[in-house]
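[1] coords please:
(chains A and B)
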There are 2 protein chains.
Amino acid sequence: MTEPGPDRARIRFHPDGSAPREVRVPAGTTLFDAASWNGIAVDSTCGGHGTCKKCLMRVIEGDVPVSRVDPRAFTPEQLRAGWRLACRAAAEQDLVVEVPPLVTRPKAATVGVGRQVVLRPAVQKRCVTLPEPSLADQRSDLERLRAALDDLEFSADLRAVRNLSRAMRAADGVVTAVIVDDVLVDVEPGDTGARCYALAFDLGTTTVVATLLDLVTGTPAAVASVLNPQQPHGADVITRISATMMDPSALDRLTALAHSALDGLAGEVCAEAGVDRREVYEIALAGNATMVHLALGLDPEPLGVAPFVMAGREFPGLTARDLGVQVHPGARAYVFPALGAYVGGDVVAGALASGMDRDRRIRLFIDIGTNCEIVLAAGDRLLATAAPAGPAFEGAAIRCGMRAAPGAIEGVKISEDDVLLDVIGDVEPLGLAGSGLVDAVAALVSTGLVDASGRLATADDPGVPPGLAARLRTVGEERAFVLHAGPQHDLCLFQRDIRELQFAKAAIATGWSLLLEEAGLTQDDVAQVVLAGSFGSYLSASAAVRIGLVPGVSLLRIVSAGNVAGEGAKMALLSVRERAAARALLEEVRYVELSDRPDFNDRFVDRLAF
Amino acid sequence: MTEPGPDRARIRFHPDGSAPREVRVPAGTTLFDAASWNGIAVDSTCGGHGTCKKCLMRVIEGDVPVSRVDPRAFTPEQLRAGWRLACRAAAEQDLVVEVPPLVTRPKAATVGVGRQVVLRPAVQKRCVTLPEPSLADQRSDLERLRAALDDLEFSADLRAVRNLSRAMRAADGVVTAVIVDDVLVDVEPGDTGARCYALAFDLGTTTVVATLLDLVTGTPAAVASVLNPQQPHGADVITRISATMMDPSALDRLTALAHSALDGLAGEVCAEAGVDRREVYEIALAGNATMVHLALGLDPEPLGVAPFVMAGREFPGLTARDLGVQVHPGARAYVFPALGAYVGGDVVAGALASGMDRDRRIRLFIDIGTNCEIVLAAGDRLLATAAPAGPAFEGAAIRCGMRAAPGAIEGVKISEDDVLLDVIGDVEPLGLAGSGLVDAVAALVSTGLVDASGRLATADDPGVPPGLAARLRTVGEERAFVLHAGPQHDLCLFQRDIRELQFAKAAIATGWSLLLEEAGLTQDDVAQVVLAGSFGSYLSASAAVRIGLVPGVSLLRIVSAGNVAGEGAKMALLSVRERAAARALLEEVRYVELSDRPDFNDRFVDRLAF
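    Presented below is the predicted three-dimensional model:
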């Protein structure tokens, strides 16, 4: 497992003044990326476009062909000596590379789980002065621009060509070309390089979040969120898929609702930051497969029934218009690719933001929700699966459940004679959030009021602390525990609610335990557990361990990573290298389908106990 | 001049049973193309997609790398022996190649000036049966399709992905993928391979012609034409450019008019042939630079003033929608690239259709109109220029001039005592078409009524045939010749009209004579003169020679090629190889600007004499 595969290259970096570092990267990765990803600082001001000619490295063992740009940066002697521009030098074989002392620091931003991203957006603004045409130089406007940007290869939007001629003549040949990926989307008169924005969307089933990013500085300019307006058509992905199956017009309606949410947020963040919508040249979107299908107008039905097939895993070449977002008319859209119908682009984005691919430690990434996605990184191997956790965590199946909104109990402590509640917004408790549910059940297990089989005690059971006995009731036929005696009615946790959580945690634990087994590991090997998603942020690590939702590791090893999907979307906008890393993740992760495993039910039953 | 340049490869073909043939082609040309272009028959049923595996050839000298598809067609021994699929074998160096006996004949169509075009449209319909997904095979629909079409690399329109899922499920996995160039534009349920159409447009300043092509057979399904509705904004390109300069809203209006003409014709030909607009997957357009700029909404002003600069020479990646043509919503558009502001895509298309690049003879291509485009092919060299002929040929500057429409005199014969007129539509003559003007002046020169300086005789000049004297009049201050005595008024050719033609022919003759001089040739070296455009079809070769409009070669060497621009557009739709040839033409032709030549005026005066 430590040998590089045929598609990996081993690079030994010798940075000036510090110890050599050996890294392994997918073959074809540039030396610049390989160094940046592994924290080895490389000089660069252009972000890897091959124009600043600062990212010098010397290949001392192995071979890297001379790139088109190298001869502009080095003498023939230097080229023979192995000097290359790191941003243009692809490692196709094992190499030993010398890194000269650092002169400057590349522009970078901190995003995701403490990730430093060197800025290299897909959006480039390049200001050039075009020479005036003459009878001796009758090149077309576009040829003139191409010659001035001869380090780039791009196709041109018709709109950009229209504007090019006007811009050239309006500003005496000084124009700013706007290139997204390899498409010229606009040409603006004068130097507009200081204004360059992009929009990152986290399109959740429940909540949609938009972040306006200033691509010049790499920092957010404004953030806004809104409840997903598709909610009236179903609280979770399955009910929304069902909605499209029952009504042929529902897909169009759900697509329009997604578009309106995205476009509304775009307007909101632009207004807040004083940015013209036309200054937004790219958008990125992370969402689960169903949300992405609905947003793109793709029939989600096959996602909802076995064998759970997507229309496509990735959708290159999309425009912002395809997602209903009215920003620059030529703006492109990057949608995170999905691993499977139930390990969507949101998980890929989250795994990217958590650096699941950058770490040699054994780590588990768990995004808890109605559908729970699990990624296991174990050395060079990446495994992923989805566990059907059911609606326990969204509050839908819990009698007093609610979303994590003001009034929701998100934490519960139970002592010998009292119950302490953590309520969002410090108001009278209205219901139980998913994190509160886990806390409550964990506390009940700790105090012995819920036994290993998940059975809730009754008031007259032996060993029930007298201070809590009054809270143990029977409502109708069903046992219940009073969390909060309200002025109008009491907030109760019912036996059935405990069962819901029990099934959910069993499904999740079956998921990660099967992944560990696939990798020949046990839970003791796990170095870190990353709890993702907004639910993960609220979840108490000790409660999660207590009920067996996550592996029983030291609490210090459990990290709440927050909204990692949104962070991943930001990273994709800040650096095309991160997109390449997301793409590589897609290639490297093996998806393990649980639903057809003959041993799934046995494992599940094993994991039911608290 | 006979040595292959660095970008040319020399291929010696040894066809089974016939004499070896040596050809020279741009480096990178496939052996399939090199053979087809040079009339060497090659087996193929797939048109060069690498799927039929019939175009076998054996490289016996020189080296051609093994392609991705070769190992499917040959054993390792055969590969070592030099066997390759010709459609995938690019000639990057000089080669000697054995061509086995022919088994089948590739599907081909005759277009252009007797050109045989092997069908290889950019539009491909491929019917495949996709295996049903299962839990063991959860590939997305798109991955499933890509696997079934693994000899192709394509990106996918969002619309095509939407339809893919529906089509797969509607027809038990039997679907037809529609790919244009390298874009999947649609997926249709079942096998729709028999219905596949494209539209060729010749967008002329005066007339717009559309041909609906059946891409399965390579034959036209319907043809229609319409007068260019931009005409009220100006009869020629200069007046239309002026219109946009005087009124800022005129460009949008002219663009909309071009779109309406193209879309109207699209509807007409589809209706006539019983073809659904959605069965048209590509359009091709040949037009002069101004017509193309106006149709694409590009500001034409820089085309109208020195130094005559285009917005772009080529516009890849266009859609039919960009040209206002409502056919299949994913339909692509190919617009012929232009050499210069006055040697537009129509000339490139015409030169392609005339095979100007395929011939080692010395040939002149002359497209006569308000602007006269001239291409000289001399061995490996191609030179082009534009001569400002003025409006004489369009009839606009000629007092009794008119377009070649019913009532127009298109031929004139003058004997000692009479004048014989050829009138379009056999009706009472209404005016003089351009070809009639040339005929009339040539006849007057022959009879001595116009002298070498261009002066028209008067009735009392010595030597005037008595039978014609009555036709020589003075109207006002000006001399005139009565062509036809009408019931209401007479049709006269005035001295000033003769001067207009004299200036036009001098400009044109200066053009071709300077091109010949650039190539170190004289008019005696010219093996063929191709007269292009509808005007060229009507022109009498002898009259054209008599007045010095074309070089004084044997009349047998003067060919009227008709609407070659439209033929070029058809060729581009029938074969991507022809597009590659058009692109190569662009690279190979050197444009010679006349307007800044210090010797232009002297040459012009030299050429004025009849």
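[2] does residue A:307 touch residue B:138 like I think?
    Yes: assessed by C-beta atoms under 8 Å, residue A:307 is found in contact with residue B:138 at 5.5 Å. C-beta: built from backbone N, CA, C; applies to glycine.
[3] what pLDDT does the model give the residue of the stretch 401-550 of chain A at minimum distance from chain B?
    Proximity to chain B, evaluated over the stretch 401-550 of chain A using C-beta to the nearest C-beta, is greatest for residue A:514 at 15.2 Å. On pLDDT, residue A:514 comes in at 93.
[4] same deal with residue A:3?
    Confidence at residue A:3, expressed as pLDDT, is 41.
[5] again, but for the one 3 residues further on
    What the model reports as pLDDT for residue A:6 is 50.
[6] how about the residues of the stretch 151-300 of chain A by chain B?
    Counting by C-beta under 8 Å from any C-beta of the partner chain, the residues of the stretch 151-300 of chain A close to chain B are A:155-156, A:158, A:161-162, A:164-166, A:169, A:296-299.
[7] buried members of these into PyMOL, please.
    Buried subset of these, written as a PyMOL selection, criterion 16 or more other C-beta atoms under 10 Å in any protein chain shown:
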select buried, chain A and resi 156+158+161+162+164+165+166+169+296+297+298+299
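[8] list phi and psi for the residue nearest to residue A:148 when sequence neighbours are not counted.
    Spatially, and ignoring its direct neighbours in sequence, residue A:148 is nearest to residue A:128 (4.1 Å; C-beta to C-beta, 6 or more residues apart in numbering or on different chains). The phi/psi pair for residue A:128 (degrees, to the nearest 10) reads phi -130, psi 160.
[9] tell me which residues form a beta bridge with residue A:128?
    Beta bridges link residue A:128 to residue A:175, judged by DSSP bridges.
[10] I'd like the next helix or strand past the lowest-mean-pLDDT helix or strand in chain A.
    Scoring the helices and strands of chain A by mean pLDDT, DSSP states H and E places helix A:533-538 at the bottom, with a mean of 70. For helix A:533-538, the following helix or strand on the C-terminal side (DSSP states H and E) is helix A:541-547.
[11] for the helix or strand following that following helix, which outside residues touch it?
    Per DSSP H and E, the first helix or strand lying C-terminal to helix A:541-547 is strand A:558-562. Strand A:558-562 has contacts (C-beta atoms under 8 Å, 6 or more residues apart in numbering or on different chains) with A:113, A:350, A:353-354, A:528-532, A:534, A:536-539, A:541, A:544-545, A:550.
[12] isn't residue A:129 up against residue A:171?
    No: the criterion here is C-beta under 8 Å, and residue A:129 misses it with residue A:171 at 9.3 Å.
[13] who has more neighbours out of those two?
    When neighbours are counted by other C-beta atoms under 10 Å in any protein chain shown, residue A:129 and residue A:171 differ, and residue A:171 comes out ahead with 16 against 13.
[14] what residues are bridge-paired with the closest residue to that one other than its chain neighbours?
    Excluding the flanking residues, the one nearest residue A:171 by C-beta to C-beta, 6+ apart is residue A:189, at 3.9 Å. Following DSSP bridges, residue A:189 is listed with bridge partners residue A:175.
[15] can you count the residues close to residue A:189?
    Residue A:189 has 18 nearby residues by other C-beta under 10 Å.
[16] tell me the mean pLDDT over the strand or helix carrying residue A:439?
    Per DSSP H and E: residue A:439 is located in helix A:434-446. Helix A:434-446 shows a mean pLDDT of 91.
[17] continuing past that helix, what's the next helix or strand?
    helix A:466-469.
[18] does anything pack onto whichever helix or strand comes after that next one? Which helices or strands?
    Downstream of helix A:466-469, the first helix or strand assigned by DSSP H and E is strand A:472-475. Helices and strands touching strand A:472-475, by 3 or more C-beta pairs under 8 Å, 6 or more residues apart in numbering or on different chains; DSSP states H and E, are strand A:478-484, strand A:491-494.
[19] and the residue nearest to residue A:464 when sequence neighbours are not counted, how many neighbours?
    Closest residue in space to residue A:464, ignoring its immediate chain neighbours: residue A:457 at 5.4 Å, by C-beta to C-beta, 6+ apart. Residue A:457 has 20 neighbours, counted by other C-beta under 10 Å.
[20] phi first, then psi, for residue A:457.
    Torsion angles, degrees, to the nearest 10, at residue A:457: phi -70, psi 160.
[21] quick check: it touching residue A:471?
    No: here residue A:457 does not reach residue A:471: they are 10.3 Å apart, not a contact under C-beta under 8 Å.
[22] mind checking the SS state of residue A:57?
    Classification of residue A:57 using DSSP: H, G, I helix; E, B strand; the rest coil returns strand.
[23] next SSE downstream of the helix or strand hosting residue A:409?
    According to DSSP H and E, residue A:409 maps onto strand A:408-414. Later in the chain than strand A:408-414, the nearest helix or strand by DSSP H and E is strand A:419-423.
[24] list the contacts of residue A:133.
    By C-beta under 8 Å, 6+ apart, residue A:133 lies in contact with A:139, A:144, B:302, B:307, B:309.
[25] domain assignment for chain A?
    A:8-106, A:123-189, A:197-335, A:355-391+A:501-606, A:407-495 (automatic domain parsing).
[26] any chance of these in TSV, plus distance to residue B:38?
    Shown next, in TSV, are these (distance: least, C-beta to C-beta, whole Å):
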stretch	distance to residue B:38
domain A:8-106	34
domain A:123-189	31
domain A:197-335	38
domain A:355-391+A:501-606	43
domain A:407-495	73
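[27] those: which one's closest to residue B:439?
    Nearest to residue B:439 among those is domain A:123-189 (36.1 Å), distances taken as C-beta to C-beta.
[28] mean confidence (pLDDT) on the closest one, please.
    94.
[29] next: stretch A:192-201.
    Taken as a whole, stretch A:192-201 has an average pLDDT of 97.
[30] now the end-to-end length of it.
    End-to-end distance of stretch A:192-201 (C-alpha to C-alpha, to the nearest Å): 25 Å.
[31] list the contacts of it.
    For stretch A:192-201, contacts defined as C-beta under 8 Å, 6+ apart pick out A:121, A:123, A:125-127, A:176, A:208-216, A:221, A:262, A:265-266, A:269-270, A:273, A:275, A:279-287, A:325, A:327, A:566, A:569-570, A:572-573.
[32] report the buried members of these.
    Using 16+ other C-beta under 10 Å as the burial test, these include A:121, A:123, A:125-126, A:176, A:208-215, A:221, A:262, A:265-266, A:269-270, A:273, A:275, A:279-287, A:325, A:327, A:566, A:569-570, A:572-573 as buried.
[33] excluding covalently adjacent residues, which one is nearest to the residue nearest the centre of chain A?
    When C-alpha atoms, centre = their mean is applied to chain A, the residue found nearest the centroid is residue A:349 (2.2 Å). With C-beta to C-beta, 6+ apart as the criterion, residue A:349 has its nearest non-adjacent residue at 2.6 Å, and that residue is residue A:568.
[34] next: residue A:59.
    residue A:82 is the one closest to residue A:59 (C-beta to C-beta, 6+ apart), at 4.2 Å.
[35] thought that neighbour was touching residue A:58?
    Yes: Residue A:82 is in contact with residue A:58 according to C-beta under 8 Å; the separation is 4.7 Å.
[36] between these two, which is the more surrounded one?
    More neighbours surround residue A:82 than the other of residue A:82 and residue A:58, with 20 against 17 (other C-beta under 10 Å).
[37] tell me the contacts of residue A:430?
    Listed by C-beta under 8 Å, 6+ apart, the contact partners of residue A:430 are A:402, A:406-408.
[38] what do you get for residue A:489?
    By C-beta under 8 Å, 6+ apart, residue A:489 has no neighbours at all.
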